[in-house]
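> Sequence and predicted structure below; questions after.
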Amino acid sequence: MTSQVPIIRLSGIGKTFPGAELSLRGTKLVTQGPALWMRNLARAVRLTAAPGEPVRALEGVSLSIDAGEVFGLLGPNGSGKTTLIKIVAGLLRPSEGTGEVAGVDLQSPQAIRRRVSYVSTTGWMGLEWALTAEENVRFFGLLCGMPTALARQRAEEALRDVELFEHRRKAVSELSNGMRQRVILARALLLRTPVVLLDEPTVGLDPEHRDQVLRLVRQTLPDRGQTVIVVDHQADALEGILDRAAILEGGHLLRVGTPMELVADLAGLRVVELITQGGQEPPKVPPSLVRRVERTQRPGPLGLTQWRLTVVERPDALQAALNWVLSGGSDVIQVAERAPRLADVLAGRISGREASA
């Protein structure tokens, strides 16, 4: 339950990364004789001294998140999600703007890190492969200064929360990728920090364990009074657990609202999903009833293509969409029509080919 009291306030946040220096890839140092070696070394140094263009990752992001919220950050790769979540975690300083996290100013990142748990499955986040799952979780608590008895108790509770307790005595090297991800998540449950940041927590999980992690995010963490910010590309899975979400694109904050409010942007539209075999791309532009087209070629020898078309909510729209797709000579294998979902809102922002109305 949210308290309507902001725990995170961001105002005008921007972040610029300096341009990366050109690499030595493709260069060759000839080492026949000291003079020739020095000449080529100087040439390589001049090459690496040429910086690239600065990268603007965030621009004027202002955001307020209430205590106890489950808040989503949505957007394509390169939209600024990870940069923003790392600023909130105290891992990066913004280039400009002001804000605070759990009562701590952004200019005090060390103090912020004591109030935030940041979970990312990238690189398995320093798991000790020779230790068991339980030892990994307990060891993390000890590193954070937790008393031994409390670390043991919290480790058991966390492993139960992520349904790994029966596997607690297995070494990390014996666990599946999905189990390792849940060990990482269990470590974040130890400290009971006011804010928990989850970066792609369901990547690689099977549907059963993905749903279990999402229940944990929706129920267990808020019940403990923790605020959760989750970044995940599976917008359909997040739709049922988020209080609100923000859509980022190109470093800009485009929209903030509840899932229902965001989906309302597609009022008066329907989504048609098709799988076709063979044929070519339709030779003409889509009819006016088709507002957006996404076409993905499936790998494999069958020549299957997956379509997602956003159409006007009219009785003749489905047939118009089918006629247009079939004009390329393909055969329809499967067809379905449904109401728009949160993933369709995101897809409309970042991908697909816009058709003229």
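Received the coordinates, thanks.

> Could you pull up the residues touching Asp211?
Under the criterion of C-beta atoms under 8 Å, 6 or more residues apart in numbering, Asp211 has no contact partners. The C-beta positions use only the backbone N, C-alpha and C, and glycine is treated the same way.

> pretty sure it belongs to a helix, no?
Yes - counting by DSSP: H, G, I helix; E, B strand; the rest coil, Asp211 is located in a helix.

> For Arg295, see how far away it is.
30 Å (C-beta to C-beta, to the nearest Å).

> And for Arg160?
Distance, Arg160 to Arg295, by C-beta to C-beta: 45 Å.

> do the same with Gln153
According to C-beta to C-beta, Gln153 and Arg295 sit 53 Å apart.

> My read is that Gly97 contacts Leu10, right?
Yes - the criterion here is C-beta atoms under 8 Å, and Gly97 meets it with Leu10 at 6.8 Å.

> More neighbours: which of those two?
Leu10 (23 against 18; other C-beta atoms under 10 Å).

> so who does that one touch?
Per C-beta under 8 Å, 6+ apart, neighbours of Leu10: 61-64, 87-88, 97-99, 106.

> so of the residues you listed, which ones are in strands?
Using DSSP state E, the subset of these located in strands is 61-64, 97-99.

> Neighbour-wise, which one of the residues you listed leads?
Neighbour tally across the ones in strands among the contacts of Leu10 (other C-beta under 10 Å): the maximum, 23 neighbours, falls on Val61.

> now it, which residues is it bridged with?
Ile13 (DSSP bridges).

> from memory it sits against Gly97, does it?
Yes - if you go by C-beta under 8 Å, Val61 and Gly97 touch, sitting 7.3 Å apart.

> Quick check: neighbours shared by the two?
Jointly contacting Val61 and Gly97 under the rule C-beta under 8 Å, 6+ apart are 10, 12-14.

> What's the ChimeraX syntax to select whichever of the residues you listed are buried?
Buried residues within the shared contacts of Val61 and Gly97, by 16 or more other C-beta atoms under 10 Å, are selected in ChimeraX with:
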select :10,13,14
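
> Reformat the shared contacts of Val61 and Gly97 as TSV; add distance to Ala245 and pLDDT.
Below are the shared contacts of Val61 and Gly97 laid out as TSV (distance: C-beta to C-beta, whole Å; pLDDT from 0 to 100):
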residue	distance to Ala245	pLDDT
Leu10	15	97
Gly12	21	96
Ile13	17	96
Gly14	21	96
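
> Export the shared contacts of Val61 and Gly97 to CSV and append columns for distance to Ala237.
Below are the shared contacts of Val61 and Gly97 laid out as CSV (distance: C-beta to C-beta, whole Å):
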residue, distance to Ala237
Leu10, 25
Gly12, 32
Ile13, 27
Gly14, 31
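
> now, among the ones in strands among the contacts of Leu10, which is nearest to Ala343?
Minimum distance to Ala343 across the ones in strands among the contacts of Leu10 is 21.7 Å, recorded for Leu63 (C-beta to C-beta).

> Tell me who's in contact with that closest one.
Counting by C-beta under 8 Å, 6+ apart, Leu63 touches 8-10, 13, 246, 253, 256.

> which of those residues tops the neighbour count?
Ile13 (25 neighbours).

> need the contact list for that residue.
With contact set as C-beta under 8 Å, 6+ apart, Ile13 has these partners: 58, 60-63, 84, 87, 94, 96-97, 99.

> so how far is Leu253 from it?
Look at Ile13 and Leu253: by C-beta to C-beta, they are 9 Å apart.

> so what's in contact with those two at the same time?
60-63.

> Give the closest residue to Asp206 in space, chain neighbours not counted.
Distance criterion C-beta to C-beta, 6 or more residues apart in numbering; nearest residue to Asp206, sequence neighbours excluded, is Gly178 at 6.3 Å.

> What helices and strands are in contact with the helix or strand where the one you found lies?
Here Gly178 is covered by helix 177-188, with elements defined by DSSP states H and E. Judged by 3 or more C-beta pairs under 8 Å, 6 or more residues apart in numbering; DSSP states H and E, the packing partners of helix 177-188 are strand 116-120, helix 133-143, helix 148-161, strand 195-199, helix 207-215.

> just checking, what packs against the longest one?
If I follow you right, that is helix 148-161. Going by 3+ C-beta pairs under 8 Å, 6+ apart, helix 148-161 lies up against helix 133-143, helix 177-188.

> Between the ones you listed, which has the poorest mean confidence score?
In terms of mean pLDDT, the lowest-scoring of the helices and strands packed on helix 148-161 is helix 177-188 (a mean of 84).

> Now it: buried residues?
The neighbour-count criterion (16+ other C-beta under 10 Å) identifies 178-188 as the buried residues of helix 177-188.

> Now render the residues you listed as TSV, adding distance to Ala264.
Formatted as TSV, those follow (distance: C-beta to C-beta, whole Å):
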residue	distance to Ala264
Gly178	35
Met179	39
Arg180	39
Gln181	33
Arg182	35
Val183	39
Ile184	35
Leu185	32
Ala186	37
Arg187	38
Ala188	33
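
> wait, which of these is closest to Gly240?
Leu185 (18.7 Å).

> Just read off the phi/psi values of the residue lying closest to that closest one once chain neighbours are set aside.
Nearest in space to Leu185, with sequence neighbours left out and distances taken as C-beta to C-beta, 6+ apart, is Val162 at 5.4 Å. Phi and psi for Val162, reported as degrees, to the nearest 10, are phi -100, psi 10.

> No further queries at this time; thank you.
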